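*Asks:* my questions concern the predicted model and sequence given below.
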There are 2 protein chains.
Amino acid sequence: MAFTLKILGSSSATPAFGRYPTSQLLQVEQDYFLIDCGEGTQFQLLKYQCKINRINHIVISHLHGDHFYGLVGLLATMNLNGRTEDLHLYGPPLLSDVITSQFRCSETWLIYTVHFHVLDPVQQVIYENDVMTVSTIPLNHGIPCTGFLFQEKTRKRRIKKEALPEYISPHQIKRLKEGKDLFDENGTLLYHNADLTLSPRKSLSYAYCSDTAYYEPILEQIHNVDLLYHEATFMNSEAERALKTHHSTTHDAAQIAKLANADKLLIGHFSARYKDLLPLLEEARSIFPNTQLATEGTTISLAD
Amino acid sequence: MAFTLKILGSSSATPAFGRYPTSQLLQVEQDYFLIDCGEGTQFQLLKYQCKINRINHIVISHLHGDHFYGLVGLLATMNLNGRTEDLHLYGPPLLSDVITSQFRCSETWLIYTVHFHVLDPVQQVIYENDVMTVSTIPLNHGIPCTGFLFQEKTRKRRIKKEALPEYISPHQIKRLKEGKDLFDENGTLLYHNADLTLSPRKSLSYAYCSDTAYYEPILEQIHNVDLLYHEATFMNSEAERALKTHHSTTHDAAQIAKLANADKLLIGHFSARYKDLLPLLEEARSIFPNTQLATEGTTISLAD
C-alpha cells in the first residue's frame, strides 16, 4: 500500500524565502492527487522529480490565487508533453470558466480530456475506488472552501500463512479475508476464521484542511485521522489578524489536532512575515507535540 | 544614465532544467519595465532582489501562456504588498479580460490603479518621456505578437567644462547643450558651439524580439541597435520545426543581428529539449560572434 504525501509549497498568499504557494502531491496506490496548485507548482514537481503525467486527479480547495494560479500552466505543460490520459479536476464552480477563458485567449486546445467536477461547500464523496474514498471537508474561510479527507477503506483480514491447511482454494482464501469461517460441502465447520487470520491493518487516512479559521465542526469528520494538515498562517500573537482574515494560528491548528485525536499534525501556509519557522513549530508543539512543518520537499509515508 | 537589463526567464513553452518561462526587467533611469511575465516571474524577482513595487510598466508581447501566466500572481502580490502607485500594463486586447476574470472569481480587488493600454500588432510608440521612447515591433508568430524597442532619445551635447568662460548663464548653457552658438545682445557671435561642447554620447537602444519566426521586416526598425534580444528556441537542425511553430533557430537570430548591424545579441526562449545550451551559443556565434546566452540572472548594463 503506497500512501505518500509530498509537500510542494508551504507559503500563504505571497511567496517568500524560497517558499512556494500551496500545493501537495498525494499518492494512494495507483492514484496521484495534486492538492491545490499555486503558482510555480509545475516547477516544484520538476524539482522533486515527480512525474507530471502520472497525476490523474487535481483537487482545488478554493479560488484564492495562491491555491490555483499554477493550474493553467500545469495543464498547458501536460498538453505540450503529449498527455493523452484523462484528468479529473475538482474545484469550485467558477474554476472551469477561468481556466477555459485563459486557454481560449491563447488559442490553446487540449489534446487530452479534463473531466471537471464541481465542488459545493458541503460534505460529499467526490471519488471512490476499491481501496479508498475522497470526501470534501467544508471549511470556514469567508469564500466557499473545502478541505479533503483521503481515507483508505476498511482493509481485509490478513491470512496467517503458517496456520493454513495444506489444501485451500482461492475461494476459501477470499472468504477468510472477508472474516468468514470455512465450512465443508455439508455445512460442517472446518475452521474458525480467527484461527487462520489476523485483524486487518489499520486503514490509513489523511485530512487536508486549508484555508480555514479555527472551526470545530470539522472535528467529527477528521476524528482519529492518521495525518492532519492544518493551515497555521500566523503565530498566536496574530490571533486577531487570523480571525479577521479567516485563517488559523499555530495554537488553532494544534488544538484541532488534539481534539480530533490525530496521530500527527503538519502545519503550513505560513505568512511571508516569518522567515524563521521554528517558533511556529514550537508554539504548535506546546499543545500538540507530534507536529511537523510542512516545508517544501517534506515527504511523509503513512504505509507500513 | 541607468540602462540595465536583467534576465528572469529563458525557457520556452515549458520550464526545464531550472529555467523559467520568459521574463526580463529593464531599468531606464527611473522607469522599470517588466517585459513579459511567464509563470514564476515573481519568484525570480524575489530571488534577484528586484523591488517589485518599483516596476511601473509591464509589457506583454503576446498571449501564449509562457509569456503571461505569471502576471495575475504578480499583480496580486503587488496588492498584498500595499502598492499604491499606478501601474501601466500594455498587451493584446484580451489580456485585460483574462486578468479581470481571475480577480473577479477570487474576489480580489486591487487597491492601486492599473492603466491598461491595448497593443495592436502594428508599429506604434506606446510610451515616451523626456529621455526615451518605447515602440512596438510587429513580429511573425501565428498569433498577434509584438516586440519592443526601447530607445534613448538623441542626447544633448556635452559641455567642455575646462573651455567655458568665467561668466556664463544657465540659459547660455542650455543653448550650448542644444548645439547653438552664443551671441551677445547685439547679435555678435561670442562663441562657436563646437569650441565649448563635445558631441553627445551615443543614444542607447534595446530591442526585444520574442516570439517570432525569422522575419526581415523588423530590420529597418532595429538597425544599429546596441542590444538585440532575439528568440532562438531551436538549434539549426530543427529549422523545419521552427518554421512550423513560428519560432527561430540560432542561425535565424544571428542572421537578424548581423543584418541589423546590432552591437550585441542575446539569445533565449530555449526549448526544453536542450539541457546544455553551449551548442546553441556556438551555432549563433558562428554567424554573429558577439552573442551571449540570456540565462536567468544575466545582467547587462548599456550605460557608460
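*Replies:* Perfect, I can see it now.

*Asks:* next up, the contacts around the nearest residue to residue A:18 once chain neighbours are set aside.
*Replies:* Nearest residue to residue A:18, sequence neighbours excluded (C-beta to C-beta, 6 or more residues apart in numbering or on different chains): residue A:296, at 7.5 Å. From N, CA and C alone the C-beta is placed, and that goes for glycine too. With contact set as C-beta atoms under 8 Å, 6 or more residues apart in numbering or on different chains, residue A:296 has these partners: A:7, A:8, A:9, A:10, A:18, A:19, A:20, A:44.

*Asks:* where do the helices sit along the stretch 151-300 of chain A?
*Replies:* For the stretch 151-300 of chain A, helices defined by DSSP state H, counting those that start in this stretch occupy the ranges A:170-177, A:193-196, A:219-222, A:239-244, A:250-259, A:278-285.

*Asks:* counting by contacts, list what the first one packs against.
*Replies:* Under the contact definition 3 or more C-beta pairs under 8 Å, 6 or more residues apart in numbering or on different chains; DSSP states H and E, helix A:170-177 sits against strand A:158-159, strand A:182-183.

*Asks:* tell me how far the residue of the stretch 201-304 of chain A found nearest chain B lies from residue A:233.
*Replies:* Nearest residue of the stretch 201-304 of chain A to chain B: residue A:272, at 8.3 Å (C-beta to the nearest C-beta). Computed with C-beta to C-beta, to the nearest Å, the distance linking residue A:272 and residue A:233 is 10 Å.

*Asks:* mind saving the C-alpha coords of the longest helix that chain A contains as PDB?
*Replies:* Secondary structure of chain A per DSSP state H: the longest helix is helix A:94-105. The C-alpha trace of helix A:94-105 is given here as PDB (Å, rounded to 0.1, in the frame of the first residue of the first chain):
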ATOM      1  CA  LEU A  94     -16.000  29.200 -11.500                       C
ATOM      2  CA  LEU A  95     -12.700  27.300 -11.800                       C
ATOM      3  CA  SER A  96     -13.700  25.700 -15.100                       C
ATOM      4  CA  ASP A  97     -14.600  29.100 -16.700                       C
ATOM      5  CA  VAL A  98     -11.400  30.800 -15.500                       C
ATOM      6  CA  ILE A  99      -9.200  28.100 -17.000                       C
ATOM      7  CA  THR A 100     -11.200  27.800 -20.200                       C
ATOM      8  CA  SER A 101     -11.000  31.600 -20.800                       C
ATOM      9  CA  GLN A 102      -7.200  31.600 -20.500                       C
ATOM     10  CA  PHE A 103      -6.800  28.700 -22.900                       C
ATOM     11  CA  ARG A 104      -9.200  30.400 -25.300                       C
ATOM     12  CA  CYS A 105      -7.300  33.700 -25.400                       C
END
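
*Asks:* could you give the angle of it to helix B:94-105?
*Replies:* Interaxial angle of helix A:94-105 relative to helix B:94-105 (axes from the mean of the first three to the mean of the last three C-alpha atoms, to 10 degrees): 180 degrees.

*Asks:* downstream of helix A:94-105, the next helix or strand is which one?
*Replies:* strand A:114-118 (DSSP states H and E).

*Asks:* what sits up against that following strand?
*Replies:* In contact with strand A:114-118 (C-beta under 8 Å, 6+ apart) are residues A:75, A:86, A:87, A:88, A:89, A:90, A:91, A:92, A:93, A:95, A:96, A:126.

*Asks:* near chain B too, which of those residues?
*Replies:* With C-beta under 8 Å from any C-beta of the partner chain as the criterion, the contacts of strand A:114-118 include residue A:95 near chain B.

*Asks:* any of the contacts of strand A:114-118 buried? List them.
*Replies:* A:75, A:87, A:88, A:89, A:90, A:91, A:92, A:95, A:126 (16 or more other C-beta atoms under 10 Å in any protein chain shown).

*Asks:* would you mind listing what in the stretch 51-200 of chain A touches chain B?
*Replies:* Along the stretch 51-200 of chain A, the residues adjacent to chain B under the rule C-beta under 8 Å from any C-beta are A:63-65, A:69-70, A:72-73, A:76-77, A:80-81, A:94-95, A:97-98, A:101-102, A:105-108, A:143.

*Asks:* circling back to that earlier point, mind putting the helices of the stretch 151-300 of chain A into JSON lines with mean neighbour count, mean pLDDT and distance to residue B:285?
*Replies:* Below are those laid out as JSON lines (neighbours: other C-beta atoms under 10 Å in any protein chain shown; pLDDT from 0 to 100; distance: least, C-beta to C-beta, whole Å):
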{"stretch": "helix A:170-177", "mean neighbour count": "14", "mean pLDDT": "92", "distance to residue B:285": "68"}
{"stretch": "helix A:193-196", "mean neighbour count": "15", "mean pLDDT": "93", "distance to residue B:285": "75"}
{"stretch": "helix A:219-222", "mean neighbour count": "16", "mean pLDDT": "97", "distance to residue B:285": "61"}
{"stretch": "helix A:239-244", "mean neighbour count": "15", "mean pLDDT": "97", "distance to residue B:285": "55"}
{"stretch": "helix A:250-259", "mean neighbour count": "23", "mean pLDDT": "98", "distance to residue B:285": "55"}
{"stretch": "helix A:278-285", "mean neighbour count": "18", "mean pLDDT": "98", "distance to residue B:285": "50"}
